[in-house]
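> 3D, please:
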Amino acid sequence: MAKDAPPRWDRRMQQRLSRGEAAALGELYDRFAALIHSQAHRMLDDEEAADAVTREVFGYVWENPDAYDPKQGSMRSWVTRLTHHRSVQWLRRAHDDVDDDEAGSGGQDGTLSAEELEQRVRRATAAARADYIVASMPAPLRAALELAYIQRRDYRQTAADLGVTGDEARRRLRLGLQLLSTANNRPLEGFSPPGYGRAL
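Here you go, the predicted model:
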């Protein structure tokens, strides 16, 4: 198998979805719904909007299973990209709706200006880039970060959970954080996970 080939699960899932297996969609949902909802909620800061984006992403995957190409990357990176794209669309659509309402009502306080909207989209893009970096980093680094920052384990507990030395746990955490630090250090305009630059 090629070094950059996606896991067998991703290839099999793409094939099952292409055949229209409802059970495959359920399995995909079980694996990625929390990730998609969390990313959308972080971008939109709105529970109902995150729910809607989650439904839209799974709807798109179900209706367009051949849009995923296992040769271009993992299923996880693909659904992350779809979530980012849908969330940005949601932000812009909500902003356009507010503009239309303001035109009819003479304006409202507390709405986003076009500049504020673009800043929010840039922050959302940086968050999506961080999600992509975490999703694509080596599993040992990702596991260490998840234990330390999501489950709030110190490096000694992380080492014990992973079955490695304390020095190795610290090394994994340091490398993972160095990778994550690149999320805000690269130009935002060019961000697109490999192979998924085209629009939905």
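> okay, now the domains of the protein?
8-128, 137-184 (automatic domain parsing).
> mean pLDDT for those domains: which is lowest?
Taking the average pLDDT of each of the domains of the chain, the minimum falls on domain 8-128, with a mean of 83.
> Centre of the chain to that domain, how far?
8 Å (Cα atoms, centre = their mean, to the nearest Å).
> one step back: mind putting the domains of the chain into JSON lines with mean neighbour count?
Placement of C-beta: from N, CA and C, glycine included. Output for these, formatted as JSON lines (neighbours: other Cβ atoms under 10 Å):
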{"stretch": "domain 8-128", "mean neighbour count": "16"}
{"stretch": "domain 137-184", "mean neighbour count": "16"}
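> so what's Arg86 up against?
For Arg86, the contact set (Cβ atoms under 8 Å, 6 or more residues apart in numbering) comprises Ala40, Val53, Glu56, Val57, Tyr60, Leu200.
> where does Lys84 land in three-state SS?
One thing to correct before we go on: residue 84 is His, not Lys. helix (DSSP: H, G, I helix; E, B strand; the rest coil).
> And it, how far from Ala49?
Using Cβ to Cβ, to the nearest Å, His84 is found at 14 Å from Ala49.
> likewise Ser38?
For Ser38 relative to Ala49 (Cβ to Cβ), the value is 13 Å.
> likewise Ala144?
Per Cβ to Cβ, Ala144 is found 32 Å from Ala49.
> so which pair among the contacts of Arg86 is furthest apart in space?
Ala40 and Leu200 (14.5 Å; Cβ to Cβ).
> Let me see the backbone angles for Gly163.
phi 70, psi 30 (degrees, to the nearest 10).
> show me what contacts it?
With Cβ under 8 Å, 6+ apart, Gly163 has no contacts at all.
> Give me the contacts around whichever strand or helix holds Phe32.
Under the criterion of DSSP states H and E, Phe32 resides in helix 22-44. Residues from elsewhere that reach helix 22-44 (Cβ under 8 Å, 6+ apart): 13, 16-17, 47, 49-51, 53-54, 57-58, 61-62, 75-76, 79-80, 83-84, 86-88, 90-91, 124, 127-128, 131.
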